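In: Provided below for reference: sequence and predicted model.
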Amino acid sequence: MRSADPVSRRLTALLAVAVLGGCASVAEVVTKPVEAVQQAMAAAPAPAAPAATTAAAPVPTVQPIVNTDAQRAFDAARAALRAGRTADAERGFRDVASKHPELGGAHANLGLILRNAGKHDESVAALERAVKASPGQPVFHNQLGVSYRHAGKFTKAREAYETALALEPNYADAHLNLGVLLDLYLGDNTLALVHYERYLALGGDAAVGKWVADLKNRKPASVAQADVKVTKKE
């Protein structure tokens, strides 16, 4: 396994964090978690680049209409999260998820809160429930991939990102996350480059262009190792 330091440096240079989700007729909202992702769901259908503290673009809601009490509870949890009252938000999303397990947004937001708290296994479990509740929501698959990566489950992370892209081929952030995974964790620089370039073509943050240049100039591991051996002999 490669060191996480390179990804931390890259992602810190690009992003800030916040996670919100909607349910029901109010579209689910997910703003940037700690990763190279910028996705959100706002109040109307529409199909997600990183930059610190910027609003994310809307994507479609896939949740059913729920009753007024559920909507009110969800909105209260979301407001708590926006206000930085994470503990209140967590309790609120847990309550909604418990009473309305069919609503993926509550599970998804709970998963993101848990991930930001370093509870990666619990985050994975919550996001797996979100995906089960809303299998057609690419944002949830992408977020599940991020949590799988944090939990060291790189093969599952790749599958989750690829599912997100199968659902939404132009999902820029899933391309970026998959590129990061391939580049820094799975060692497939060739395919990582494909996803980085696709991300940029979809209007992603230009800073990723530096990663692309670095990747293109990087020597294959075998060549680099050979150079080291020659240097030692000399």
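Out: Structure received.
In: Show the contacting residues for the residue nearest to residue 128 when sequence neighbours are not counted.
Out: Once flanking residues are discounted, residue 128 sits nearest to residue 144: 6.5 Å by Cβ to Cβ, 6 or more residues apart in numbering. The C-beta positions use only the backbone N, C-alpha and C, and glycine is treated the same way. By Cβ atoms under 8 Å, 6 or more residues apart in numbering, the contact set of residue 144 is 111, 124, 127-128, 130-131, 160.
In: Please, where are all the helices along this protein?
Out: Assigned by DSSP state H, the chain shows helices spanning 5-14, 68-82, 86-99, 104-116, 120-133, 138-150, 154-167, 172-184, 189-201, 208-217, 221-233.
In: In CSV, list the ones you listed along with mean pLDDT.
Out: CSV is the format used below for the helices of the chain (pLDDT from 0 to 100):
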stretch, mean pLDDT
helix 5-14, 40
helix 68-82, 88
helix 86-99, 94
helix 104-116, 93
helix 120-133, 96
helix 138-150, 95
helix 154-167, 97
helix 172-184, 94
helix 189-201, 95
helix 208-217, 88
helix 221-233, 43
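In: one step back: just the closest of the contacts of residue 144 to residue 69, please.
Out: residue 130 (20.8 Å; Cβ to Cβ).
In: Just to check, that closest one is in contact with residue 102?
Out: No - if you go by Cβ atoms under 8 Å, residue 130 and residue 102 don't touch, sitting 10.8 Å apart.
In: The two - which one has more neighbours?
Out: Between residue 130 and residue 102, counted using other Cβ atoms under 10 Å, the more crowded position is residue 130 (29 against 14).
In: can you pull the contacts of the more buried one?
Out: Contacts of residue 130 by Cβ under 8 Å, 6+ apart are 104-105, 107-108, 111, 137, 140, 143-144.
In: What is the nearest of these to residue 200?
Out: Nearest member of the contacts of residue 130 to residue 200, counting by Cβ to Cβ, is residue 143, at 21.8 Å.
In: my guess is that closest one contacts residue 110, does it?
Out: No - checked against Cβ under 8 Å, the pair residue 143 and residue 110 is beyond contact range at 11.2 Å.
In: Quick check on these two: which one has the bigger neighbour count.
Out: Neighbour count, other Cβ under 10 Å: between residue 143 and residue 110, residue 143 has more, with 33 against 28.
In: From residue 206, how far off is the more buried one?
Out: Going from residue 143 to residue 206 by Cβ to Cβ, to the nearest Å gives 24 Å.
In: How about residue 88?
Out: 38 Å.
In: same check, this time on residue 83
Out: Note on residue 83: its distance to residue 206, by Cβ to Cβ, is 33 Å.
In: So which of residue 88 and residue 206 has more stuff around it?
Out: Of the pair residue 88 and residue 206, residue 88 is the one with more neighbours under other Cβ under 10 Å, namely 15 against 9.
In: Quick one: residues contacting that one.
Out: Residue 88 sits in contact with 77, 80, where contact means Cβ under 8 Å, 6+ apart.
In: Look up how far residue 150 lies from it.
Out: Taking Cβ to Cβ, one finds residue 88 at 24 Å from residue 150.
In: what does residue 117 give?
Out: Residue 117 is 11 Å from residue 150, by Cβ to Cβ.
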